[in-house]
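Novice: Let's see this in three dimensions:
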Amino acid sequence: MAENENAAATPNAAATPAEGAGQEDGGGAAAPQQAAPEEITYHAVEKDGQVTAIWEMQGRKHLRTIDPRSRQGQEILRLYTAEHGE
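Specialist: Residues are numbered from 1 along each chain as shown. Prediction:
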């Protein structure tokens with residue numbers, strides 16, 4: 001699983017709305033289909049061997065920064081370290 005070191009840390013990727021949900025206009029015609037969104041990944045920012053931030057990314061776009069001390073940050077780090085045996 002070395003191809004995507006962040007693959008295990010994508011628990012929120014399923015939280016996005018289902019494709020096609022709410023894409024019809026009032027006239028019943030379907031809205032144009034959009035390209036599938038890129039996978040959401042998480043990147044640890046380290047300084048002096050400590051994780052100082054977690055970046056949530058979609059492709060090359062930075063979505064938000066997560067505090068590694070927060071409940072969600074701890075969960076992301078726990079999932080990553082459990083998968084990689086560190």
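Novice: Going by C-alpha atoms from here, please, whenever you check contacts or count neighbours.
Specialist: Will do.
Novice: Restrict stretch 77-84 to CA atoms and write it as CSV.
Specialist: This file holds the C-alpha atoms of stretch 77-84, laid out as CSV (Å, rounded to 0.1, in the frame of the first residue of the first chain):
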residue,chain,number,x,y,z
LEU,A,77,-3.3,9.7,13.0
ARG,A,78,-4.5,6.5,14.7
LEU,A,79,-5.8,5.1,11.4
TYR,A,80,-2.6,6.0,9.6
THR,A,81,-0.3,4.5,12.2
ALA,A,82,-2.4,1.3,12.6
GLU,A,83,-2.2,0.7,8.9
HIS,A,84,1.5,1.3,8.6
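Novice: Just the buried residues of that stretch, please?
Specialist: Applying a neighbour-count criterion of 16 or more other C-alpha atoms under 10 Å, one finds 77, 79-80 buried in stretch 77-84.
Novice: ok, those residues vs Thr41, which is closest?
Specialist: For the buried residues of stretch 77-84, the minimum distance to Thr41 (C-alpha to C-alpha) is 11.2 Å, reached by Tyr80.
Novice: What segments of the protein are helices?
Specialist: 71-84 (DSSP state H).
Novice: For it, just list every one of the strands.
Specialist: Using DSSP state E, the strands of the chain run over residues 40-47, 50-58, 61-66.
Novice: Is it possible to get JSON lines of those strands that adds mean neighbour count and mean pLDDT?
Specialist: Output for the strands of the chain, formatted as JSON lines (neighbours: other C-alpha atoms under 10 Å; pLDDT from 0 to 100):
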{"stretch": "strand 40-47", "mean neighbour count": "17", "mean pLDDT": "95"}
{"stretch": "strand 50-58", "mean neighbour count": "16", "mean pLDDT": "97"}
{"stretch": "strand 61-66", "mean neighbour count": "14", "mean pLDDT": "98"}
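Novice: min pLDDT across the buried residues of stretch 77-84, which one?
Specialist: Sorting the buried residues of stretch 77-84 by pLDDT puts Tyr80 at the bottom of the list (85).
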